[in-house]
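1. Predicted coordinates and the sequence they were generated for:
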Amino acid sequence: MAQPPILSWEGLGLQQGGRWLFGGPDQDPIDLHIGARDRLALIGRNGAGKTTLFRLIEDRIEADRGLRKVKPGTRIVVLEQEPDLSGHATLMDWALAGENPPEEHEVEAIAGQLGIAMATPTKGASGGEKRRAAIARALAQDPDLLLMDEPTNHLDLAAIDWLEGWLDRYKGAFVVISHDRTFLKRLTRATLWLDRGTMRRKEVGFGGYEAWEEQVYAEEARAAEKLDAKLKLEAHWLERGVTARRKRNQGRLEKLHQMRAQRASMISGGGTAKLKLATEEDFKSKSVIVADAIAKTYGDRTVIKPFSLRIQRGDRIGIVGSNGAGKTTLLKMLTGELAPDTGSVDISNKLTGVMIDQQRALLSPDKTVRQVLAEGGDWIDVQGHRKHVQAHLKDFLFDPKIVDTKVGILSGGERSRLLLAREFAKASNLLVLDEPTNDLDLETLDLLQEVIADYEGTVLLVSHDRDFLDRTVTLTLGLDGSGKVDIVAGGYEDWERKRTESAAPSRNPASKASGASPAPAPPPPRSTKLSYKDQRDYELLPARIEELEAAIAKGETILADPQLYTTDPQKFATISKGLENARAEKDAAEERWLELAELIEG
């Protein structure tokens, strides 16, 4: 580092709840150095200690070991994830409270650019209003070091774009915790990774983080194999699954692209659903929601202009737009909660919906995880199949040992993940998700992407997470605030591209008039020669995967008997071990087949 850091922690260690959160006797101590112009992403699973590290940097809590040094005069400001506004009448009253309050005119200037009225009462203020007020308060303090905890939560796309522009021009240093991959990729230049009680640093922005993470885990796996460290491998079941899950998701993304291409063929130039399947009857039989010329106005304002769409079984629909553009209104009309002023919405009587929104606060802090998931029992019905509650927890990246932990002890992100585990267990064929990515860590986002990709029903998703939309949805409904609804096959980037192309003047009026546009030539096919074994594996593995899936289903059915463990514990243990081996073999077979498919199909 060319210049001395403005803040450093040397040999940092902290105990929490009787255990070392990081920097303990069996962990490497944390050495943290922040330079005057650093742009740092702080990465780690929910519960790893990211927010706690912010409090240590800010000097709000004391460490159990280590030395903190700060350059004199350094102003450290924290943009909290959930600021406490209690005791203040208005957002401005809260913004001007504290030891070193900002100037009121500075707060007003930034608030004006963010579109938030600081005279708004704190009581009843929405999540988006509180978040914008917190940003105005933090930025108005002219920080030398800005610590941001999930800064894009509750922000719409316009506000996120404004914040990215401000941070791009910012002259100080910042450290950011965020699940918003696009935000992190655009702004960060180095990465801090909190992992199992220690911290690593690499001088690459978030764009290079995932490759670095996989490299670290691969090196650890090789070292563990050499040491035959069975206990260590068992403790790291989450880490071992990261790379395999991402490789399986490559196959899911390929399937997503195929679905988008199919959906694009059903959309006319005007944006309305177009019958392009084998027959109209076939198209109608697959339709679960049919909106015909629906529109909505509030007073003199047109929220939704006349709009038609057929939503088919298996569609994954993303709804995007700025706050106030009409996303919630459109969602409520499509699900039958709100009647349109004109037009009609026909909903299949076979639809059974599950709504997953920001209900985290409704989880009682006094209940245990077992009570939330299984009403205090050992078994839970997951999509109609009986499953042990601890196995279900493991599927959602929890340590099964937390089953009797009180909800109030869990972090905000863990409570959000618990809510997902509970709601996804319900039998349904329609998922409605309203900003589901808030407070989730990156691994949980990968898991949520995987669960949605494997869901056999229809998905309606409202989100401002651009990267998540690009990885998940087959069709995007884009609202620009004028009442018009764009229907675009693909994700957020596809919608943004369409808006840019629509706004740009045509360079070839003749081509535009004729509706013709030259398509780029497809790349030449890649020549790939496989060995005899590779070719045999490619042909035989799908059948083996089906055999393993059948064996796993049979084993899970046997284990679903609540009396088995007490009547024949040896049989229960044998079948459990066989299930574990079958799942591991299936994962390896899927990974192997995907690698071969990539080589063969390009």
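-> Perfect, I can see it now.
2. This protein - how does it break down into domains?
-> 262-503, 526-602 (automatic domain parsing).
3. And the first one, how far out from the chain middle?
-> Think domain 262-503. On the basis of C-alpha atoms, centre = their mean, to the nearest Å, the separation between the geometric centre of domain 262-503 and that of its chain is 13 Å.
4. Same list (the domains of the chain) but as CSV, adding mean pLDDT.
-> What follows is the domains of the chain, written out as CSV (pLDDT from 0 to 100):
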stretch, mean pLDDT
domain 262-503, 84
domain 526-602, 76
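5. Can you tell me which of those domains is most buried?
-> When you average the neighbours per residue for each of the domains of the chain (mean count of other C-beta atoms under 10 Å), domain 262-503 leads with a mean of 18. To be clear about C-beta, it is placed using only N, CA and C from the backbone, and glycine gets the same treatment.
6. re earlier: JSON lines please, covering the domains of the chain and showing distance to R196.
-> Supplementary listing: these in JSON lines, determined by distance: least, C-beta to C-beta, whole Å:
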{"stretch": "domain 262-503", "distance to R196": "12"}
{"stretch": "domain 526-602", "distance to R196": "22"}
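7. Surely E103 is in contact with A140?
-> Yes - with contact taken as C-beta atoms under 8 Å, E103 and A140 are classed as touching, separated by 6.8 Å.
8. So for the chain, the centremost residue is which one?
-> Most central in the chain under C-alpha atoms, centre = their mean is L445, positioned 3.4 Å from the mean C-alpha point.
9. quick revisit: which one of the domains of the chain lies closest to W193?
-> Each of those has some distance to W193 by C-beta to C-beta; the shortest is domain 262-503, at 10.7 Å.
10. helices and strands around the longest helix seen in the chain, which ones?
-> When every helix of the chain is counted residue by residue (DSSP state H), the longest turns out to be helix 569-601. Counting contacts by 3 or more C-beta pairs under 8 Å, 6 or more residues apart in numbering; DSSP states H and E, helix 569-601 packs against helix 237-264, helix 532-559, helix 564-567.
11. next SSE after the host helix or strand of the residue nearest to the centre of the chain?
-> Using DSSP states H and E, L445 sits in helix 442-454. Scanning forward in sequence from helix 442-454, with DSSP H and E defining helices and strands, the next element found is strand 458-462.
12. which residues touch that following strand?
-> Among residues not part of strand 458-462, those counted as contacts by C-beta atoms under 8 Å, 6 or more residues apart in numbering are 288-289, 311-320, 327-328, 331, 334-335, 351, 429-436, 452, 469, 472-473.
13. in its sheet, what does that strand sit against?
-> Strand 458-462 has the following sheet partners, assigned by DSSP bridges: strand 316-321 (parallel), strand 430-434 (parallel).
14. follow-up on the earlier one: in terms of secondary structure, what does the helix holding L445 contact?
-> Of the remaining helices and strands, those touching helix 442-454 by 3+ C-beta pairs under 8 Å, 6+ apart are helix 237-264, helix 412-424, helix 466-472.
15. Show me the contact partners of it.
-> Contacts to helix 442-454, defined as C-beta under 8 Å, 6+ apart, come from residues 43, 45-46, 179, 181, 238, 242, 245-246, 248-249, 252, 255-256, 316, 396-397, 413, 416-417, 420, 424, 431, 436-437, 440, 459, 461, 465, 468, 471-472.
16. Try it again at 6 Å.
-> With C-beta atoms under 6 Å, 6 or more residues apart in numbering as the contact definition, helix 442-454 has outside contacts at 45, 179, 252, 417, 424, 459, 471-472.
17. Pull out the buried positions in stretch 72-90.
-> 74, 76-81, 83, 85, 88, 90 (16 or more other C-beta atoms under 10 Å).
18. Closest one of these to M355?
-> Relative to M355, and with distances defined as C-beta to C-beta, the nearest of these is Q81, at 23.6 Å.
19. hang on, the closest one is in a strand, isn't it?
-> No - using DSSP: H, G, I helix; E, B strand; the rest coil, the secondary structure at Q81 is coil, not a strand.
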